[in-house]
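Asker: Sequence and predicted model, in that order:
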Amino acid sequence: MTIPLSAKTLTASAAALLLATGFTVGGTAPGTSTAHAAEVDDPISSSASDAQIEMGFLGSHETGQFDESAAEITAVHGDTVFTVNAQAATVDVIDASDPTNPQKVSEIKGTGVANSISIREDGLGVIALEADDKTQPGTVMFFDANDPEADILGEVPVGSLPDMVTVTPDGSHALVANEGEPADDFSTDPEGSVSVIDLPAEVAAPSDSDVHTADFHEFEEGGAKTLPEDVRIFGPQPEEDLPISRNLEPEYITVAGDRAYATLQEANAIAVVDIASASVEEILPLGLKDHGQAGNGLDASDRDPEDVPTVNITEYEGLKGAYMPDTISTFTSGGTDYLVTANEGDSREWGDFVDAARVKDLGEDGLAPVCETSPLADRLGDADLGRLNIITDLGLNDAGDCYEELVAFGARSFSVWTTDGKLVADSGDEFEKLTAEAVPEFFNSNHSESNLEGRSDDKGPEPEALTIGEVGETTYAFVGFERIGGIAAFDLSDPSAPKFATYFNNRAFSVSVEDEIEDASDPAALLASAGDLGPEGITFLGSDESPTGEAALVVGNEVSGTTSLYSVADLANGGDDGDDENAGTDEDAGADENAGADENAGTDQDAGADDNAGADDNATEDAQVDAAGSESDSESGANDSARADAGSEADSRADGAVADGAESDSEAGSSADGSEASSDGDGDPLPRTGADLGQYLILGGIAVGLIAIGTAAYFFARRRS
């Protein structure tokens, strides 16, 4: 279909054409930067047939830093984007008033490493700073986002490794998830906690006395509160005191009403914090997802045999998954608050301690074997579960001498929960199904390199980034896939049955950066040609907040080091979710309404709800290295920094797909190597910018006419002289 042009789209197209022909706009000469930095030739776009939104590329700011966490968490104030640049230990300040060409204008630097940022509506900015020694107390720094120089207002102390900060919707508090990770050698393990900071009414820094700590002391043995049995407490205890408080590691926070909800990723639980009293009220265990249930399958092997389809999404009786959410958000429907989680998974690998192992290694090196009576006993080969990484302290029988069931890291899904921890809905195996259809030749690819099934044996697409936003009158969850990349949008109109709407991925799989960058003559150009790799954080902009006048997303991509803006077009409103006379961009850039994703795939309200399930552990990218040279992912600080799976590289099918850059045959019509996407419902594919070709011809004629007039005036002036 062709989306009608709005006035602002026409203006943007005209401006782009004038710039291309050498004319100036608004008296400013065009610079050297391109209008569509880091946009790939054919972004992947796949939508449900009845989707009411579609996403497209607007523009990107590039750091040129590959796999250095140079763009992570984002926040927006006015037309300015603030992006955490962990590689430089700063926050980049980016002018996005022209969303097609965002430009860095300054940076904010504090003491330590910047991990997270949030900005209050009036411009009070808050940055979470990790100490140089991550086990020591961190700080929260305040700045004025209204000031072009982003003046520093002051800072206050908080807990160890402040990994995430958010401002409450009413602006009265800043909440900080102090993760308290152990030292890299596990010689010490600081407490995890949540800091509750009272904020002043004006744009100013609070004082130290305004900082309150919600800790877990009352859940220790003999404390006033009982820790539920299914909350996972595990690993070494280098200190003799506070074993529970030191084990729990708050990861991410959202707010609903007068309470905050913090994910405890490794413990597979959520902490409920009363904001007014700065105290943890309760801890909600999340239980395990049943991968033996219909619609909850997964592709568990990166070494499928030749006679089995590469995409092999299968249910396994006796295999469970620990949700282990990273990002958490909230929305309200029918007067009820709901929590939404991106179920990434995360393991611990500190010093000599590793809580992950491949299934085929069970029964060796001191690990218990799989019980002979387990339904998984005959499915332990590489083609089934042998390559899968599982949690070593879960699934054992009562005697602890064999595994009755196996538990994988993460759930490869997003979930909707009640605020008391009851599962309302889970997306099942839909993430793998929709990406398999959209990008079949690079299914479950890693983010640093383009490969086939490089992550099937670990956490698949690895959902991590998450935000909730309203387009028109519909609430959507936008979920970012850390590994294969891209963002999937789900309609949350019925909280018990989220419905797939669209998937957009600004990535060129024909470029495998990790394999090519060492020999590249221009590494920055190579990185730019790959597009966006490793979405880490997403900020949603409503139509009244976006510089385009319609909804948009701001995405920090940690592997490509890009901060990118995506349009979110409201198809129910003619593709225009607002009217902003100052907007200067094509909001439908790169969008494609390809159908083909199964909108009902794997959604199961009851998926994984298991009252007796042992709480599980947080799956990191860290995978156990085996003798065959399989993938080993290292974790640095609070960030998951993934490395390629050498074993997957050896997979001849994956190597062939990367080397050949073979064109995708996806039914969704998307292309893995930049080939033309399939046509829309009316038979005509959308131009790359989403504008109508006729408009281009008209504008081209106008430009030619202007050039002719200028030329005639020049010769006339010469004749008169």
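Answerer: Cool, the structure landed.
Asker: Next, give phi and psi for the residue nearest the centre of the chain.
Answerer: With distances taken as CA atoms, centre = their mean, A465 lies nearest the centre of the chain, 2.5 Å away. The phi/psi pair for A465 (degrees, to the nearest 10) reads phi -80, psi 150.
Asker: how about it, what does it touch?
Answerer: Contacts for A465 (CB atoms under 8 Å, 6 or more residues apart in numbering) come out as T327, A342, V479, G480, E482, I487, P535, E536, G537, I538, V555. Every C-beta, even on glycine, is put in place using the N, C-alpha and C of the backbone.
Asker: Tell me if I'm right that the fifth one and G534 touch.
Answerer: Think E482. Yes - E482 is in contact with G534 according to CB atoms under 8 Å; the separation is 5.6 Å.
Asker: Compare those two (neighbour count), which wins?
Answerer: Neighbour count, other CB atoms under 10 Å: between E482 and G534, G534 has more, with 31 against 27.
Asker: so what's the more buried one up against?
Answerer: With CB under 8 Å, 6+ apart, G534 has these contacts: D67, H447, S448, E482, R483, G485, N557, E558, V559, S560, A642.
Asker: Same check on A75?
Answerer: V81, F82, I117, S118, I119, G125, T539.
Asker: Can you give me the distance of the closest residue to the second one other than its chain neighbours to V311?
Answerer: By that I understand F82. When the adjacent residues along the chain are set aside, F82 lies closest to A75, with 4.8 Å between them (CB to CB, 6 or more residues apart in numbering). According to CB to CB, to the nearest Å, A75 and V311 sit 37 Å apart.
Asker: picking that back up, so which of the contacts of A465 are in strands?
Answerer: Of those, the ones assigned to strands by DSSP state E are A342, V479, G480, I487, P535, E536, G537, I538, V555.
Asker: Format the residues you listed as TSV; extra columns: distance to A174.
Answerer: Formatted as TSV, the ones in strands among the contacts of A465 follow (distance: CB to CB, whole Å):
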residue	distance to A174
A342	22
V479	26
G480	24
I487	27
P535	25
E536	21
G537	17
I538	20
V555	23
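Asker: Mark which of those residues are buried, thanks.
Answerer: Among the ones in strands among the contacts of A465, those classed as buried by neighbour count (16 or more other CB atoms under 10 Å) are A342, V479, G480, I487, P535, E536, G537, I538, V555.
Asker: Confirm that I517 sits in a strand.
Answerer: No - with DSSP: H, G, I helix; E, B strand; the rest coil as the criterion, I517 is helix rather than part of a strand.
Asker: Spatially nearest residue to it, not counting backbone neighbours?
Answerer: Counting by CB to CB, 6+ apart, the residue nearest I517 is P523, at 5.1 Å.
Asker: Do I have it right that that neighbour meets V511?
Answerer: No - P523 is beyond contact range of V511, at 11.8 Å (criterion: CB under 8 Å).
Asker: higher neighbour count, these two?
Answerer: V511 (24 against 16).
Asker: Isn't A551 up against D544?
Answerer: No - the pair A551 / D544 is not scored as a contact, 9.5 Å apart, by CB under 8 Å.
Asker: Who has more neighbours out of the two?
Answerer: It is A551, of A551 and D544, that has more neighbours when counted by other CB under 10 Å, with 27 against 11.
Asker: For that one, which residues are in contact?
Answerer: For A551, the contacting residues are 53, 469, 471, 540-543, 567-570, 577-578, by CB under 8 Å, 6+ apart.
Asker: Return a PyMOL selection command for the buried portion of the residues you listed.
Answerer: In PyMOL, this line selects whichever of those come out buried by 16+ other CB under 10 Å:
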select buried, resi 53+469+471+540+541+543+567+568+569+570+577+578
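Asker: Out of the contacts of A551, which is nearest to G428?
Answerer: The shortest approach to G428 among these belongs to I53, at 21.7 Å (CB to CB).
Asker: how near is the closest one to G472?
Answerer: Taking CB to CB, one finds I53 at 8 Å from G472.
Asker: picking that back up, out of the buried ones among the ones in strands among the contacts of A465, flag the one nearest to D42.
Answerer: Using CB to CB, those come closest to D42 at I487, 16.7 Å.
Asker: from memory the closest one sits against V479, does it?
Answerer: Yes - using CB under 8 Å, I487 is in contact with V479, at 6.7 Å.
Asker: Now do the SS call for S209.
Answerer: Bear in mind the rule, three-state DSSP; under it S209 is helix.
Asker: Run a quick neighbour tally on it.
Answerer: 8.
Asker: Model confidence for it, exactly?
Answerer: We have a pLDDT of 98 for S209.
Asker: Now do the strand or helix carrying L526: everything it contacts.
Answerer: In the assignment (DSSP states H and E), L526 maps to helix 523-530. With contacts defined as CB under 8 Å, 6+ apart, helix 523-530 is touched by 37-38, 40, 62, 64, 66, 507-508, 511, 513, 516-517, 520, 560-561.
Asker: Could you identify the pair within the residues you listed that is furthest apart?
Answerer: A37 and E516 (19.4 Å).
Asker: The closest residue to F481 other than its chain neighbours: what's it in contact with?
Answerer: In space, and not counting its chain neighbours, F481 is closest to P461: 4.0 Å by CB to CB, 6+ apart. Listed by CB under 8 Å, 6+ apart, the contact set of P461 reads R412, F431, E432, T435, N444, R455, F481, E482, R483, I484.
Asker: Am I right that H447 is in contact with G485?
Answerer: Yes - H447 is within contact range of G485, at 6.2 Å (criterion: CB under 8 Å).
Asker: check contacts around E372.
Answerer: So E372 contacts C402 (CB under 8 Å, 6+ apart).
Asker: Distance-wise, check it relative to L394.
Answerer: In terms of CB to CB, E372 sits 19 Å off from L394.
Asker: just E430 next, same as before
Answerer: Taking CB to CB as the measure, E430 falls 25 Å from L394.
Asker: N146 now?
Answerer: Applying CB to CB to N146 and L394 gives a distance of 49 Å.
Asker: my read: T475 touches F490, true?
Answerer: No - using CB under 8 Å, T475 makes no contact with F490, being 9.7 Å away.
Asker: ok, back up a step: which residues are in contact with each of I53 and G472?
Answerer: Joint contacts of I53 and G472 (CB under 8 Å, 6+ apart) are D570.
Asker: still on that earlier bit, redo the contacts of P461 as JSON lines? Include pLDDT and distance to I244.
Answerer: Listed next are these as JSON lines, based on pLDDT from 0 to 100; distance: CB to CB, whole Å:
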{"residue": "R412", "pLDDT": "98", "distance to I244": "29"}
{"residue": "F431", "pLDDT": "98", "distance to I244": "33"}
{"residue": "E432", "pLDDT": "98", "distance to I244": "35"}
{"residue": "T435", "pLDDT": "98", "distance to I244": "38"}
{"residue": "N444", "pLDDT": "96", "distance to I244": "36"}
{"residue": "R455", "pLDDT": "96", "distance to I244": "32"}
{"residue": "F481", "pLDDT": "98", "distance to I244": "33"}
{"residue": "E482", "pLDDT": "97", "distance to I244": "29"}
{"residue": "R483", "pLDDT": "97", "distance to I244": "32"}
{"residue": "I484", "pLDDT": "98", "distance to I244": "36"}
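Asker: And those residues, which of them are buried?
Answerer: The buried subset of the contacts of P461 - by 16+ other CB under 10 Å - is R412, F431, E432, T435, N444, R455, F481, E482, R483, I484.
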